[in-house]
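Novice: have a look; sequence and predicted model below, questions after that.
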Amino acid sequence: MGCRFQRALPLLVLGLLAGCGGGGGGGIGGPGAPPPSNDGTYRPGVFQPSSSFANQCAAPRAGTSDRSGSAFTENMFLRSWTNELYLWYSEVPDRNPNGVSTANYFEALKTPATTASGRAKDQFHFTYPTAVWDQLSQSGVEVGYGVQWIVLAGAPPRKVVVAYVEPGTPAATASLGRGAEVLMADGVDVVNATGSNVPDQLYAALYPSAAGQTHTFQIRETSGAVRNLSMRSVEVTHQPVLVSSTLDQSGVRVGYLLFNDHIATAESQLVNAINRFRTDGIQDLILDLRYNGGGFLDIANELAYMIGGNNTRGQVFERLVFNDKHPTTNPITGQALAPTLFHTTARSGTPLPTLNLNRVYVITSNNTCSASESIINSLRGVGVQVYQIGSTTCGKPYGFYPQGNCGTTYFSIQFEGRNAQGFGNYPDGFSPGVADSGSVVKGCSVADDFTRALGDPLEARLSAALGFRASNNMVCPAPTGFSPGGGFSAKTTLGSTEGEMYKSPARTNRVLSE
Amino acid sequence: MRIVALSALVILSACASVADPAQEGPAVLTEATPETHQELVKAVSAALNVPTVTLAADALTTDSELVIERAPARDAQGRRLQGRELSQPEHFQLIQANNRCVLVQVRTNARYELPGARCRLK
């Protein structure tokens, strides 16, 4: 394994690269392609270097490297950049960039293909205001109340419930508990209100934009009791490892780890948890990633190593694959494309503790995404048996180096992560099934259970993991679930309890609607 | 080329701020006042060349290390836009050196004194 400091470029160095306007570009056009033209005009099938159009803006920003340009030059930049770096560049229809808004043009710069399940092959094509994207914060610090809401239904009749509450936060002080349903927010009927201004009102209350804001709520507890409360927003410091406990299962010790976010501060918390598990002598681990949407890949790498230990040492965690113009070199960093091995040390160089497990039970949902999925995929790649309990993961084996141009930062898929066996084909997510096969992972399909605390052995998904393990990984429990406000039902479908997690106050993305 | 440039930066920064290691060590702030917080925000922002940065009100009061990363941006489902983050966060450490509170950017070894802050060795 290489030096820790050569793992990746620092945050701000990457930011500067992204602001340079065009990365790579090697092999543009490819053998047999028409000769490039640099006259700045659009010719179908001819792609000039993206750098020749970078920072030529319809509305140049003062004090930046922006120059006078137009929507056409911005579109030409995106067209060439996509052709250089987009993972599926050859599937993108070459559209004329004249007379099209840049937002609309970028939206079409992706593959129109669909996956085996019929959903869009590229579901991760975004823009973000550069000024917002470039904001920095202390690791894990976000304005809020310390509650993670889950939106089970975004349109009337809406359902917004509490997934978890972090200790020492305003939500904890207000005694909010998992499963509580929000009925009113600042006097607005969360469930039934209609009108164009309602989503803004709800967002303002649920996701305060600044510290020091007080908002009022009416909630219904899982007991059915209804009460009013108010919370004042603060800069919450998230606790990415919320629960780590050892459960005694008929004399066998089983660890339970609720890991919610791959932020930098997770490293020490994960190390502490693994050390406790080692002290406790656990024989199995249940890793709960149901609310973990990813983050630093290094953190996923380290956790996978700590779980697998000797099963992973010296082996490939993941290999990045870019489009066929860049088979050997990372087009952004210029570094050779070498597989990333499992990290055996923390960032500081301290050896990581290990459990040396040859199997792990992973609790998942549709919010289990990206780096979280790479834990599953990487461990499977080196022969560690993964059992999946819960529901299908989000299906994001892809990543990108965001690119800024003219005040907008663009996200366009540039690479795929593959495990030691070369597998990275899970665009429809990992799903629990009766036997391992590709993206199907042996395990149990179980709905989320908001009636029990996370870490409670009776909580449906944890209970299922424990039961499945006790049956020698042969028997899944009957489907169960909980629909807040509708009571517990053995017939509840997974879909009704697979809410959309929304952690950020950014207003550009909406899950609540009129 | 890029690694060489970064290494040169680190070396230059290190050379520019030689201190007696016997008189310094990791430290934490003994009080978290708005003034200290502002001083800290200013130092981190200067180190990273950004207009401002969001810090917890109690930053560096219990831990000598301060980690800075990109504020999380998420998609419509609440998942991180950058769910496979390949970059490294920026690390700072508060030290007490010659009875002064100094913030050190670990990557570059650049030092930023916090003249209004009070700290103690941890």
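Specialist: Sure, I can see it. Numbering: from 1, shown residues only, chains lettered A, B, ... in the order given.
Novice: which residues in the chain form helices?
Specialist: Using chain A. Taking DSSP state H as the test, the helices found in chain A are A:11-18, A:71-85, A:102-107, A:130-133, A:170-173, A:198-206, A:266-280, A:297-308, A:371-381, A:460-470.
Novice: could you do chain B instead?
Specialist: Counting by DSSP H, the segments of chain B that form helices are B:2-16, B:34-48.
Novice: out of the ones you listed, which gets the lowest mean score?
Specialist: Ranked by mean pLDDT, the helices of chain B bottom out at helix B:2-16, which scores a mean of 35.
Novice: in stretch A:244-251, what's buried?
Specialist: Under the neighbour-count criterion of 16 or more other Cβ atoms under 10 Å in any protein chain shown, stretch A:244-251 has A:244-245, A:247 buried. Every residue, glycine included, has its C-beta placed from N, CA and C.
Novice: so which of these are also by chain B?
Specialist: Taking Cβ under 8 Å from any Cβ of the partner chain as the test, chain B is in contact with none of those.
Novice: give me the most central residue, chain A.
Specialist: For chain A, residue A:293 is the residue whose C-alpha lies nearest the centre (Cα atoms, centre = their mean; 2.9 Å).
Novice: and the residue lying closest to residue A:370 once chain neighbours are set aside, its phi and psi?
Specialist: Distance criterion Cβ to Cβ, 6 or more residues apart in numbering or on different chains; nearest residue to residue A:370, sequence neighbours excluded, is residue B:83 at 2.4 Å. Backbone geometry at residue B:83, expressed as degrees, to the nearest 10, gives phi -80, psi -10.
Novice: and residue B:83, what does it touch?
Specialist: Residues near residue B:83 by Cβ atoms under 8 Å, 6 or more residues apart in numbering or on different chains: A:293-295, A:369-372, A:396, A:399.
Novice: go with 7 Å
Specialist: A:293-295, A:369-371, A:396 (Cβ atoms under 7 Å, 6 or more residues apart in numbering or on different chains).
Novice: check residue A:188 too.
Specialist: Contacts of residue A:188 (Cβ under 7 Å, 6+ apart): A:198, A:201-202.
Novice: again, only using 8 Å
Specialist: For residue A:188, the contact set (Cβ under 8 Å, 6+ apart) comprises A:198, A:201-202, A:205.
Novice: residue A:318 too?
Specialist: Counting by Cβ under 8 Å, 6+ apart, residue A:318 has contacts A:297, A:301, A:339-340, A:374, A:377-378, A:381, A:417-419.
Novice: distance to chain B, pLDDT and neighbour count for those residues - can I get that in TSV?
Specialist: Below are the contacts of residue A:318 laid out as TSV (distance: Cβ to the nearest Cβ, whole Å; pLDDT from 0 to 100; neighbours: other Cβ atoms under 10 Å in any protein chain shown):
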residue	distance to chain B	pLDDT	neighbour count
A:297	5	96	28
A:301	11	98	24
A:339	14	97	13
A:340	9	97	20
A:374	7	98	28
A:377	11	98	28
A:378	12	98	31
A:381	16	98	23
A:417	7	97	25
A:418	12	98	21
A:419	13	98	22
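Novice: same list, these, but as TSV with distance to residue A:276 please.
Specialist: Shown next, in TSV, are those (distance: Cβ to Cβ, whole Å):
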residue	distance to residue A:276
A:297	25
A:301	21
A:339	31
A:340	27
A:374	24
A:377	26
A:378	23
A:381	27
A:417	30
A:418	33
A:419	28
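Novice: of these, closest to residue A:407?
Specialist: residue A:297 (27.8 Å; Cβ to Cβ).
Novice: ok, so of the contacts of residue A:318, who is nearest residue A:130?
Specialist: Using Cβ to Cβ, residue A:297 is the member of these that lies nearest residue A:130, at 22.9 Å.
Novice: can you tell me how far residue A:173 sits from chain B?
Specialist: Per Cβ to the nearest Cβ, to the nearest Å, residue A:173 is found 16 Å from chain B.
Novice: contacts only, for the most centrally placed residue in chain B.
Specialist: When Cα atoms, centre = their mean is applied to chain B, the residue found nearest the centroid is residue B:92 (2.9 Å). With contact set as Cβ under 8 Å, 6+ apart, residue B:92 has these partners: B:44, B:47, B:65-68, B:103-106.
Novice: who does it form a beta bridge with?
Specialist: residue B:66, residue B:105 (DSSP bridges).
Novice: right, and residue A:68 touches residue A:61 too?
Specialist: No. Using Cβ atoms under 8 Å, residue A:68 is not in contact with residue A:61; the gap is 11.5 Å.
Novice: in terms of neighbours, single out the busier of the two.
Specialist: Neighbours per residue, other Cβ atoms under 10 Å in any protein chain shown: of residue A:68 and residue A:61, the larger number sits with residue A:61, 13 against 10.
Novice: burial check on the residue lying closest to that one once chain neighbours are set aside, number of neighbours?
Specialist: In space, and not counting its chain neighbours, residue A:61 is closest to residue A:407: 5.5 Å by Cβ to Cβ, 6+ apart. Other residues lying near residue A:407 total 16 when counted by other Cβ under 10 Å.
Novice: go on, residue A:131?
Specialist: Residues near residue A:131, counting by other Cβ under 10 Å: 13.
Novice: residues touching residue B:114, list them.
Specialist: So residue B:114 contacts B:36, B:39-40, B:43, B:94, B:100-103 (Cβ under 8 Å, 6+ apart).
Novice: ok, those residues vs chain A, which is closest?
Specialist: Using Cβ to the nearest Cβ, residue B:40 is the member of those that sits closest to chain A, with 9.8 Å.
Novice: that closest one contacts residue B:101, doesn't it?
Specialist: No. Taking Cβ under 8 Å as the definition, residue B:40 is not a contact partner of residue B:101, at 9.5 Å.
Novice: which neighbours do these two share?
Specialist: With Cβ under 8 Å, 6+ apart as the test, residue B:40 and residue B:101 both reach B:114, B:117.
Novice: what is the burial count for residue A:380?
Specialist: Look at residue A:380: counted by other Cβ under 10 Å, it has 18 neighbours.
Novice: could you report the pLDDT at it?
Specialist: pLDDT, residue A:380: 98.
Novice: biggest separation within the contacts of residue B:92, which pair?
Specialist: B:47 and B:65 (14.3 Å).
Novice: tell me which of those two has more neighbours.
Specialist: residue B:47 (21 against 18).
Novice: need the nearest residue in space to that one, chain neighbours excluded.
Specialist: Residue B:47 sits nearest to residue B:105 (Cβ to Cβ, 6+ apart), 4.7 Å away.
Novice: wait, doesn't that neighbour sit right on residue B:46?
Specialist: No. Checked against Cβ under 8 Å, the pair residue B:105 and residue B:46 is beyond contact range at 9.8 Å.
Novice: mind listing what's buried in stretch B:109-116?
Specialist: B:109-112, B:114.
Novice: circling back to that earlier point, show me what contacts the closest residue to the residue nearest to the centre of chain A other than its chain neighbours?
Specialist: Nearest residue to residue A:293 in three dimensions, chain neighbours excluded: residue B:79, at 3.6 Å (Cβ to Cβ, 6+ apart). Residue B:79 sits next to A:293-294, A:367, A:369-370, A:394, A:396, A:501 when contact means Cβ under 8 Å, 6+ apart.
Novice: chain B versus the residue nearest to residue A:101 when sequence neighbours are not counted, what's the distance?
Specialist: Nearest residue to residue A:101 in three dimensions, chain neighbours excluded: residue A:71, at 6.2 Å (Cβ to Cβ, 6+ apart). Between residue A:71 and chain B the computed distance is 24 Å (Cβ to the nearest Cβ).
Novice: ok, residue A:71 - how many residues close by?
Specialist: If we define neighbours as other Cβ under 10 Å, then residue A:71 has 20 of them.
Novice: isn't it right up against residue A:104?
Specialist: No. Using Cβ under 8 Å, residue A:71 is not in contact with residue A:104; the gap is 9.8 Å.
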